[in-house]
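> what's the 3D shape of this:
(4 chains)
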Protein chains: 2
Amino acid sequence: MPRKSSAADAPLRLDNQICFAVYSAAHAFNRVYKPLLDRLGLTYPQYLVMLVLWERDDVPVKDIGERLFLDSGTLTPLLKRLEAAHLVRRTRSSEDERQVLIALTAQGHALKEKARNVPQSILAASDCSVPELVAMKDEIVALRDRLNAVIGE
Amino acid sequence: MPRKSSAADAPLRLDNQICFAVYSAAHAFNRVYKPLLDRLGLTYPQYLVMLVLWERDDVPVKDIGERLFLDSGTLTPLLKRLEAAHLVRRTRSSEDERQVLIALTAQGHALKEKARNVPQSILAASDCSVPELVAMKDEIVALRDRLNAVIGE
DNA sequence: CCATATTCAATTGCGAACAATTAAATGTGA
DNA sequence: TCACATTTAATTGTTCGCAATTGAATATGG
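Next up is the predicted model:
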């Protein structure tokens, strides 16, 4: 016979999981970004890398990884695709031959101007006031940082 | 010469992006879940599918997809892996031969008991009160739903 | 100075995620 | 009834994401 819904099951119910809220919201953002980023020829993770580089380029892969919480297994092929698209250049550091420095090309710099309208499109899609979004962002970042603190033990 | 940091760049700064907060929080959750789910032999997306099935099984792939915002391109191979792990059975519906119904095996049902301690481990890692987490979850779900509403135009 | 450890990127292999297409089953309108 | 559209999974191909390993460069201790 069918097991009836019990209060003991509440912690396992999908709709009670904050992780699923976050997981599904991330995918929803991805889907909203898709058509906007298609016009720039970027995927969402590539866009994040470009955001980092637009703030400061000529940085080692490791710095990008620490900023985005990604490792070389993700970044190396991604950066090779950005290089193939002529948006970045990858060169071994002369001071430390282990490092690969990532620099923007002229095209990479220029793409920043085409990207300027993206944030406001996202803001419109989120249908939310800026102060509310900032407050949510700060809460989510604080949660993320507490989770990441647990991982390092 | 180096372009100096300008107020006009604020919308493009990584730390101002709520999407990145959500994106990086999702990855942080994944990393916290990893060791817990390894003990169950599940990945995080597989765990989400099991959560759905523990609520109600014998459901078509499409229902699982609507619940999790995933399509058959993701679910078909994932469900085949759960089938290979003897956690679910996949059978064509006799009423509608287009549908594949997903049912839990005895092992699949039994795994629910082993999963009961997972939510409290996550709660501990989040280092946050339940009411605060519930409030955040509701805000994030509301944001996700507004974003998804835009996608359907 | 040398053996050892550490750092860094690249590589390999697996599991998502999704767009686009395919194929089969079912539904609908003339 | 029959042509046509819709629904549903499966498939293919590309891109992440990460664990684990490799190999080269650099740092460190004795």
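> Excluding sequence neighbours, find me the nearest residue to A:T74.
Spatial nearest neighbour of A:T74, excluding adjacent residues (C-beta to C-beta, 6 or more residues apart in numbering or on different chains): A:P45 at 7.5 Å. Bear in mind the C-beta positions are built from the backbone N, C-alpha and C, glycine included.
> quick one: contacts for that neighbour?
A:68, A:70, A:74, A:78 (C-beta atoms under 8 Å, 6 or more residues apart in numbering or on different chains).
> And the residue in chain A that DNA strand D sits nearest to, how far from chain B?
Closest residue of chain A to DNA strand D, C-beta to the nearest atom of the strand: A:G73 (2.7 Å). Distance, A:G73 to chain B, using C-beta to the nearest C-beta, to the nearest Å: 13 Å.
> Go ahead and report the secondary structure state at that residue.
helix (DSSP: H, G, I helix; E, B strand; the rest coil).
> do you know how far it is from A:G65?
10 Å (C-beta to C-beta, to the nearest Å).
> So the two - more neighbours on which side?
Taking other C-beta atoms under 10 Å in any protein chain shown, A:G73 and A:G65 do not tie; A:G65 has more neighbours (18 against 9).
> Closest one of the contacts of A:P45 to chain B?
A:L68 (7.3 Å; C-beta to the nearest C-beta).
> surely the closest one meets B:H27?
No: using C-beta atoms under 8 Å, A:L68 is not in contact with B:H27; the gap is 9.2 Å.
> Make sure I have this right: A:R89 is in a strand.
Yes: assessed by three-state DSSP, A:R89 belongs to a strand.
> my read: A:Q17 touches B:L51, true?
Yes: taking C-beta under 8 Å as the definition, A:Q17 is a contact partner of B:L51 at 7.2 Å.
> quick revisit: let's see the PyMOL selection covering just the buried ones among the contacts of A:P45.
Burial among these is assessed by 16 or more other C-beta atoms under 10 Å in any protein chain shown; the matching PyMOL selection reads:
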select buried, chain A and resi 68+70+78
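> In helices, which of the contacts of A:P45 fall?
A:68, A:74, A:78 (DSSP state H).
> got a list of what the last one touches?
Each residue near A:L78 by C-beta under 8 Å, 6+ apart is listed here: A:45-46, A:49.
> Among those residues, which one sits closest to B:A142?
A:P45 (25.5 Å; C-beta to C-beta).
> Averaged pLDDT, the strand or helix carrying that closest one. What do you get?
Assigned by DSSP states H and E, A:P45 belongs to helix A:44-55. Here helix A:44-55 scores 98 as its mean pLDDT.
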